[in-house]
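Asker: Structure for this input, please:
(one chain, ligands or ions: 2)
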Amino acid sequence: MVGLVKEHRGPGAILKEIPVPTCGPDEVLVRIKATSLCGTDLHIYNWDKWAKKTVVTPIVFGHEFAGIVEAIGDRVTGVQLGEHVSAEGHIACGTCKACRTGNAHVCPHSKSFGITAPGCFAEFAIVKASNIIRNDPELPFELACLQDPLGNAVQAVLSGEIVGKSVAVIGAGPIGLLSVMVAKACGAGTIYAVDVNPYRLQMARRLGADLTINAAETRTSDALLSLTEGEGIDVILEMSGNPQAIADGFKSAARAGRVSLLGIPTKEVTLDLTEQVIFKGLRVEGITGRKMYQTWYQMKGLINQKRIDLSQIVTHKFNLTQYQEAFRLMEQGECGKIVFIH
Ligand code: NAD
Ligand code: ZN
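Answerer: Ligands and ions are numbered 1, 2, ... in the order given. Below is the predicted model:
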């Protein structure tokens, strides 16, 4: 089969012929029909500091996919040949304290599909059977593959009260844009979207943001505080990872509000904890991955009942052979989600 392989520990990747993997007793072989590009894939492609210390090579990377079950291991139950599937990418250990207390999404021993274990930018992929998510056969593959990032958004938006609350999504990248859609679908009050990229702000508007702020033109905290007459925003969803934007997010949070942090800071962030967190009575939380598997069931409800239309976030479709063009486009940022049709 053909797969996109990170072969050398340096920038780039190569599309090459590799053997079709065979599944172990507890694994499933999936024929991949569609995948999507994540910021993590760009980190792997460009080979930044994080990739250097994390990624196991050589590896077929990519972790957002939808496909069809082609083969199952001897011990697998509950997954049938021909079913349409996606999967949770965190392969948790199942026995540590986090896993045994319902917090497998923060398992310290987890392996990551497409990062430390072989992934899906190929014709076939191996998935642990217990991580399989069965998709509605009516759901197009090119949308079903988006559940991984949608899950980040769903976990962030729904980890606290949202109905009628003012919400600021800081960083309108793919996950921020999905968060705008989820917040809207779930009955949020005024939704503000903040970014430095006009293309993304325009998309945010189209996907349901009521007001957009260009952080390259105005200070985010000044704008959000003035728009709310100094009261601040009930729910801050930090999805940029930009240190200044993170600090501005805390400044913009209303008293007794919530700050959910998903963006990964590019360097250390300095905060006035006394004024910006403690005396404000803020609830601050880290968001990682998707809750296993509560988030997946919440997504299923939203998708199956058409509360959100995932087709709105897909701006480009490519063949896997066009990977260089796809990564270039992603780097430049004039895109929503980029999908590979396999
Ligand atoms: P992305 O990098 O495409 O999105 C970030 C957006 O923030 C971009 O649109 C960018 O223009 C914008 N931005 C940059 N500086 C800004 C500023 N000063 N103010 C406002 N916006 C600014 O990536 P994404 O895939 O949407 O992911 C968002 C973040 O979440 C990234 O930091 C990513 O690494 C992280 N992430 C975290 C998890 C997790 O489990 N915690 C999972 C996936 C991604
Ligand atoms: Zn564990």
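Asker: okay, now the closest residue to ligand 1 within the chain: neighbour count?
Answerer: For the chain, the residue closest to ligand 1 is Gly173, as judged by Cβ to the nearest ligand atom, at 2.0 Å. In this view, the C-beta of every residue, glycine as well, is placed from N, C-alpha and C. A count of nearby residues for Gly173, using other Cβ atoms under 10 Å, gives 24.
Asker: Quick check: phi and psi at it.
Answerer: Here is the backbone geometry of Gly173 (degrees, to the nearest 10): phi -70, psi -170.
Asker: Going forward, the N-terminal residue is numbered 39.
Answerer: Right, with 39 as the first residue, what we last looked at is Gly211.
Asker: Torsion angles phi and psi at the most centrally placed residue in the chain?
Answerer: Central residue of the chain (Cα atoms, centre = their mean): Pro187, 2.6 Å from the mean position. The phi/psi pair for Pro187 (degrees, to the nearest 10) reads phi -70, psi -30.
Asker: so it makes contact with Leu215?
Answerer: No - the criterion here is Cβ atoms under 8 Å, and Pro187 misses it with Leu215 at 9.5 Å.
Asker: helix, strand or coil for the nearest residue to Tyr361 once chain neighbours are set aside?
Answerer: Distances taken as Cβ to Cβ, 6 or more residues apart in numbering put Leu42 closest to Tyr361, at 5.7 Å, once the chain neighbours are dropped. Put simply, Leu42 is strand when judged by DSSP: H, G, I helix; E, B strand; the rest coil.
Asker: For Tyr335, see how far away Leu42 is.
Answerer: The gap separating Leu42 from Tyr335 is 31 Å, by Cβ to Cβ, to the nearest Å.
Asker: more neighbours, these two?
Answerer: More crowded of Leu42 and Tyr335, by other Cβ under 10 Å: Leu42, with 24 against 12.
Asker: helix or strand for Met330, which one?
Answerer: Per DSSP states H and E, Met330 falls between elements, in no helix or strand.
Asker: what sits against it?
Answerer: 126, 128, 130, 142-143 (Cβ atoms under 8 Å, 6 or more residues apart in numbering).
Asker: got it, and Lys338?
Answerer: Listed by Cβ under 8 Å, 6+ apart, Lys338 has no contact partners.
Asker: Give me the buried stretch members for the one helix or strand it maps to, please.
Answerer: For Lys338, the host element (DSSP H and E) is helix 332-342. The neighbour-count check on helix 332-342 (16 or more other Cβ atoms under 10 Å) flags 333-334, 336-338, 340-341 as buried.
Asker: Which is the succeeding secondary structure element to it?
Answerer: strand 352-357.
Asker: which bits of this protein sit near ligand 2?
Answerer: 130-131, 134, 137, 145, 147 (Cβ under 5 Å from the ion).
Asker: Repeat the analysis, applying 8 Å as the threshold.
Answerer: Counting by Cβ under 8 Å from the ion, the positions of the chain adjacent to ligand 2 are 130-138, 142, 145-148.
Asker: For Gly111, grab the count of nearby residues.
Answerer: By the criterion of other Cβ under 10 Å, Gly111 has 17 neighbours.
Asker: show me what contacts it?
Answerer: 61-66, 167.
Asker: Would you point out the most distant pair within the residues you listed?
Answerer: Spatially, the most separated pair among the contacts of Gly111 is Pro63 and Val66, at 10.9 Å (Cβ to Cβ).
Asker: For the protein, which residues are neighbours of ligand 1?
Answerer: Within the chain, the positions near ligand 1 by Cβ under 6 Å from any ligand atom are 77, 190, 208-214, 232-235, 238, 253, 277-280, 282-283, 300-302, 325-327, 371.
Asker: neighbours of Asp174, just the number please.
Answerer: Going by other Cβ under 10 Å, the residues that sit close to Asp174 add up to 10.
Asker: Now name the helix or strand holding it.
Answerer: Using DSSP H and E, Asp174 falls outside every helix and strand.
Asker: Give me the phi and psi for it.
Answerer: Dihedral angles (degrees, to the nearest 10) for Asp174: phi -60, psi 130.
Asker: So for it, what's the nearest residue that isn't a sequence neighbour?
Answerer: The shortest distance from Asp174 to any non-neighbouring residue, by Cβ to Cβ, 6+ apart, is to Asn342 (6.0 Å).
Asker: Go ahead and confirm that neighbour touches Arg172.
Answerer: No - using Cβ under 8 Å as the test, Asn342 is too far from Arg172 to be in contact (11.8 Å).
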